[in-house]
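1. got a predicted structure plus its sequence, pasted below:
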2 protein chains.
Amino acid sequence: MLKLKHIPVQSFGENIAYIHKNCAMYKVDDLKKATRLEIHKGSKTIYAFLQIVAEDGVLADDEIGLNDEAFAALNMSEGTEVHVSLAAPSASTKALHRKIAGEVLTSGEYAAIIGDIAAGRYSKADIAAFLVACSSSMSSTELVSFTEALVTKKVLHWDEKSMVVDQHCLGGVPADKTDLVVLAITAAYGLPMAKPSIRSLTSCAGVADTMGVLTEVDYNAAKFQKFVRANNGAIINYDAMEETKVNHLLHDVRSQLGINQNELVIASILAMMISAGVSHLVLDIPVGANARVRSANEAIRIRKQVEYVGDMLGISVDAVVTDGSEPVGSGIGAVLEARDVLKILQNVAGAPIDLREKSLFLAGRVLEFDP
Amino acid sequence: MLKLKHIPVQSFGENIAYIHKNCAMYKVDDLKKATRLEIHKGSKTIYAFLQIVAEDGVLADDEIGLNDEAFAALNMSEGTEVHVSLAAPSASTKALHRKIAGEVLTSGEYAAIIGDIAAGRYSKADIAAFLVACSSSMSSTELVSFTEALVTKKVLHWDEKSMVVDQHCLGGVPADKTDLVVLAITAAYGLPMAKPSIRSLTSCAGVADTMGVLTEVDYNAAKFQKFVRANNGAIINYDAMEETKVNHLLHDVRSQLGINQNELVIASILAMMISAGVSHLVLDIPVGANARVRSANEAIRIRKQVEYVGDMLGISVDAVVTDGSEPVGSGIGAVLEARDVLKILQNVAGAPIDLREKSLFLAGRVLEFDP
C-alpha cells in the first residue's frame, strides 16, 4: 500500500503515476521502459503510466504521486492508502498487435480496443499505432465495427419523433456554414434537427464556434433534447460532453499526427451522429483542390462507404458531392460567418448568394427525407 | 527568459519541460494539446514536451522545469536563464505525414525523420506512428534508405583488415548461442569477428547476456577495436553505446507495441552491423512454428531483402535458412547457455550435439567468405 499524493501536473489527457526511486514497496531499479500501473482502492481502479522520481522532496518513498488527470480520475483524497500493481496486459493488446500486422479485426476486437482506450489503458503511442494501422488498411466491415465501437453508451433517444435529421459537412472548406441556415429552414418546416457540432478542426471556425457567437453551445444532453423539442432544432458542442471523450482523444492524436484517412473521419462523424440519435443525415462532401476531398473519384468512394456504414448502423445517409473549390460566404472566421448567416435569414441586401444557394440546395435534400 | 530548474523525474527517454500555469513569460491558458518546446541558450538547443504545473511549490512562475532526461541533455546548471519558444514544425513532419498516408519516401526524408528522432523532436506517439506506417508498406529502396539512416555517424573502421566478419541470428529460438562457438572458430582460423550484440529481445537471454556470464560486454568502441585486434574477435553490448541511441529507441517502441515486421528487424540488425564496420555477415534465419519466421516462403523473402539491402550498403550478407522448430542446446538462460558453449569449446562429454553441429555449419559458411 502506498499513500496517495497529488502532483499538480497536467499532462494533456495522459494519467501519470510518480514513484520514488527508493520506493518502500516497489523496486524500480531495473526499469528500462515505460510501464503501466494499476492503482486500486476498493472497487475503483485507474491506470497510469509510471515515471520515477529520482530525488527527495517531491515524493516520500511510501507515497505514490498522481498527476492532475490521474488524481481526478481516482477521485480520492491525499493520504489515502492505495494498492499499486503492474497492469496486466489488456485484453485488447493482442488485437492491437494483429491490426498493426495488417490483419482484419472483429467487431468484438474493435470494441475491446476502444473500451481500453476509454479506460485509460492506452498510451498516446498505443493510440497512434492503432490509428495508423487502421488508416493503412480497414475493410468496410471493419469500418462498421470501428464506428459502432465509437458510439457512446448513452445514445440520445427521441421517442416521440419518427425522424431526427442533421446536415453535416465533411470539412476542409472555410466559411461553409450552411448548417445554421439549413437548421432554420428545417425547423420552420417542422423537421427536428439535432445538431452535434465541434469547434474548429479544418478551418478557422467550426460550426460550434460560429453558433457560439450567437448563443450558448456548451450544455448537456438533457438541455439539448429540451431545446430541440422546444424549437425543432438546436446546436450543441459535442466536444464539451464527457460521453464523447474517446472520440475527442482519437481526434487529438489524429490531428497531431496529421492522420486524415477518410475512414477515420467517417467513423468519427457517424459515431457522433448516431450518439446524438440522428436518424437521417445529409452529408456534404465538398470537392476541391484545397478541400479535404480532392477528386470526384475519392468523393464517390467516400459516398459509398458512408452510406454503407450508415445502412449497417441504422442511420440513413444521403451523401452529396458539392463544389469545394472556393470558400463559401463573404467572410472567414466565427463572427463574420455568423453575420453572413444572419443576413441570409433576415433576407437583407448583401447576403452572400453562394452560401444562400448552397444552403437552399442542402435544405432541400434534408426536406426530401420527409415521406 | 526563464530560470532553469531540475525536476528529478525520469520519463523513459522523453524530454519533458514543466511550466507554471501562471508563467510570467508564456501564457499557457488555452493549451489543449501536447506541445513541443524549444529551449535554447547560446548555440545549445534541446526539445521537450510541455506539461503544466497547476499549483505553487513545485515551480515558480519565472522558472522552467526540466525532467532528468531534458536536464541532462541541456547540461546547464540550475538558475541559468534560458530562452523558450514553441518548436517550429520540424522539417520531417511533412515526410511523416506522407508515410502515414501510405506514400513512398526518399532517402533524404528517411534521414530527416531519423535525424529528428535523434534530436528528440519526436514524441513516442510520433515514433509509433512512423514505425507502424513503415511496417504497413515499405519498398526495397525505402528499406535501404531506412537502414542507411539508422547507421551511426561514427562507423567503426578496420583499416588494417580487408575483411571483418560476423554471424547473427534473426532470433526467436531460445538458447541458440551458436555465435560464441562460431566466434572461437573464426578467431582460431584468423578471420577477425567484430560482434555487436544486444541483451535479450526474443528469448530469455541475448548474446550479450550469455557472453556477459563469462566476461565484460559493456565497454566503448575503442576498447572493442582493441580486443578484436588483439584476439581476432570480441563481443560488445551495443545497447550500452550512446551512438546507437536511435536504434534502441525505435526498438523500445517496437517491442512495446509488438511491431515485428521483418523490414524493421532487418534494418535494425544491418544498421548495427554496418555501424560496427562488419564487411561480411552470415545471417541465420531459423524457421519454425515458434520462431520469428514461421514459413520457408517468408524466410526466402527475408533472404532476398537482406541480401539486397546489404548489396546496396556495401556489406556482403549470406542469409542461411535453418531449422528453428526447437530450442538448440541443452539449457535455456544465460548461465546454462554459457555452460553449453564452454562444453563444446572444451570438447567434453555431454556437450550438446545440436548446438555443436549448427555452430560448425554456420562457422563453415563464415569461413567460406575467405577468398
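-> Received the coordinates, thanks.

2. rest of the way, CA atoms for contacts and neighbours
-> Will do.

3. and A:Arg229, how many neighbours?
-> Using other CA atoms under 10 Å in any protein chain shown, A:Arg229 has 17 neighbouring residues.

4. check contacts around it.
-> Contacts for A:Arg229 (CA atoms under 8 Å, 6 or more residues apart in numbering or on different chains) come out as A:Pro192.

5. give me the element it is part of.
-> helix A:221-231 (DSSP states H and E).

6. show me which residues of that helix are buried.
-> A:221, A:224-225, A:227-229 (16 or more other CA atoms under 10 Å in any protein chain shown).

7. show me which of those residues is closest to chain B.
-> Proximity of those to chain B (CA to the nearest CA) peaks at A:Ala221, which lies at 22.9 Å.

8. gap between that closest one and B:Leu96?
-> 38 Å (CA to CA, to the nearest Å).

9. check which helix or strand the residue sitting nearest the centre point of chain A maps to.
-> Geometric centre of chain A, nearest residue: A:Asn247, 2.9 Å, by CA atoms, centre = their mean. Element membership for A:Asn247 (DSSP H and E) is helix A:245-257.

10. what residues does the stretch 251-371 of chain A have near chain B?
-> Residues of the stretch 251-371 of chain A found near chain B (CA under 8 Å from any CA of the partner chain) are A:252, A:257-261.

11. chain B: which of these is nearest?
-> Using CA to the nearest CA, A:Gly258 is the member of those that sits closest to chain B, with 5.7 Å.

12. now the closest one, nearest residue through space, not along the chain?
-> B:His97 (5.7 Å; CA to CA, 6 or more residues apart in numbering or on different chains).

13. I'd say the one you found and A:Gln256 touch.
-> No - using CA atoms under 8 Å, B:His97 is not in contact with A:Gln256, being 10.0 Å away.

14. just the element for the nearest residue to A:Arg36 once chain neighbours are set aside, please.
-> Leaving aside its sequence neighbours, A:Arg36 sits nearest to A:Phe49 (CA to CA, 6+ apart; 4.6 Å). Assigned by DSSP H and E, A:Phe49 belongs to strand A:44-53.

15. need the next SSE after that strand, C-terminal direction.
-> strand A:63-66.

16. same question for the very next helix or strand once past that following strand, mean pLDDT?
-> Downstream of strand A:63-66, the next assigned helix or strand under DSSP H and E is helix A:68-74. Per-residue pLDDT over helix A:68-74 has a mean of 92.

17. buried residues, helix A:68-74. List them.
-> Going by 16+ other CA under 10 Å, helix A:68-74 has these buried residues: A:68-71, A:73-74.

18. pretty sure A:Ile315 sits against A:Val278.
-> Yes - using CA under 8 Å, A:Ile315 is in contact with A:Val278, at 7.1 Å.

19. ok, these two, which is more surrounded?
-> When A:Ile315 and A:Val278 are compared on other CA under 10 Å, the one with more neighbours turns out to be A:Val278, at 27 against 20.

20. quick check: the residue of chain A nearest chain B.
-> A:Ala125 (3.7 Å).

21. skipping adjacent residues, who's closest to that residue in space?
-> Using CA to CA, 6+ apart, the nearest residue to A:Ala125 is B:Ala125, at 3.7 Å.

22. mind pulling up the pLDDT for the one you found?
-> 91.

23. residues of the stretch 51-200 of chain A that sit close to chain B?
-> Contact residues (CA under 8 Å from any CA) of the stretch 51-200 of chain A with chain B: A:51-55, A:58, A:97, A:100-102, A:124-129, A:132-133, A:135-136.

24. all strands for chain A, in order.
-> A:2-6, A:9-10, A:16-20, A:36-41, A:44-53, A:63-66, A:81-86, A:165-169, A:193-197, A:233-237, A:280-287, A:316-323 (DSSP state E).

25. does the residue nearest to A:Arg36 really touch A:Ile19, like I thought?
-> No - using CA under 8 Å as the test, A:Phe49 is too far from A:Ile19 to be in contact (10.6 Å).

26. what about A:His83, distance to A:Leu37?
-> 10 Å.
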